[in-house]
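S.K.: show me how the following folds:
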Amino acid sequence: MKKTPAPAEAGAIEPRLYRVVSGKIEELIRAENIRPGERLPSERDLATKLGVSRTSLREALIALELGGTVEVRGGSGVYVSEQATPVAEVPTAGPGPFEVLAARRLIEVEMAALAAKHASDSAIDAILVAVLEMEQHHEERSGNESADRNFHLAIARATGNSAMVGVIEYLWSQRGSLWHKLKEHFQTEELRQQTLLDHRAIFAAIADHDVAGARTAMRAHLDRVTRTFSRG
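M.R.: Got it, this is the predicted structure:
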């Protein structure tokens, strides 16, 4: 008779994927004797060697950078930090950025469609205020982040479903140190301007009560952010 595997211990928490992958990278550094100041293989080669996706690898590298194990140098590659120590701690930083983006894509695309269907005039005005606020503060990091959050929360409120507001607040709270470090590597003035255009397109569709258009505009926005964070 085939034995049924024992269930996982109650309360046991699976480690975040990026922590598992970061451990594999540290093992590779030791196994291949990559010294401080030396370059790691390319992301493509590392992903192949470790048998992981490029997105999981990128999250792991950012976590290792936050922990002081590696340095990610734009346009050059990833290097073992000159100050790296064998006991460098990979930070526990909540879900990885790509996990958060995947969840947002599932939820916020339909949220935008609901907002387009149900938004009152006052709710539409609140979304516009958030758009204008983001345009005003687009070069200021803290002001830009606050305005971006207000924009997505205003759309959630426009659905008329208070639970949706709580979901967006939770997802926004998961944009932790990994998210901000990844954004730091890839954010440019061109990308900030594109985000403003994305938000304008989402707002226009909601204001026109264009359900399909709002769904498409939000999906395009989140897909673009994902591509930006994924690009090699």
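
S.K.: show me how this structure divides into domains.
M.R.: The record's domain parsing of the chain by automatic domain parsing lists 17-80, 97-230.

S.K.: what distance separates the start and the end of the longest one?
M.R.: In domain 97-230, first residue to last residue: 10 Å (C-alpha to C-alpha, to the nearest Å).

S.K.: ranges for the strands of this structure?
M.R.: For the chain, the strands defined by DSSP state E cover 70-73, 77-80.

S.K.: ok so, going back, CSV for the domains of the chain, including mean neighbour count and mean pLDDT?
M.R.: Using the backbone N, CA and C atoms, a C-beta is placed for each residue, glycine as well. CSV is the format used below for the domains of the chain (neighbours: other C-beta atoms under 10 Å; pLDDT from 0 to 100):
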stretch, mean neighbour count, mean pLDDT
domain 17-80, 17, 89
domain 97-230, 18, 92
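
S.K.: list the contacts for residue 195?
M.R.: Contacts for residue 195 (C-beta atoms under 8 Å, 6 or more residues apart in numbering) come out as 134, 138, 148, 221, 225.

S.K.: I'd say the third one and residue 135 touch.
M.R.: No - with contact defined as C-beta atoms under 8 Å, residue 148 and residue 135 do not form a contacting pair (11.2 Å).

S.K.: the chain: helices as residue ranges?
M.R.: Ranges of helices in the chain, per DSSP state H, are 17-31, 43-50, 54-66, 97-118, 121-136, 141-158, 162-173, 177-186, 189-207, 211-230.

S.K.: between those helices, which gets nearest to residue 80?
M.R.: For the helices of the chain, proximity to residue 80 was assessed by C-beta to C-beta; helix 17-31 is nearest, at 6.0 Å.

S.K.: which helices and strands sit right next to that closest one?
M.R.: helix 43-50, helix 54-66 (3 or more C-beta pairs under 8 Å, 6 or more residues apart in numbering; DSSP states H and E).
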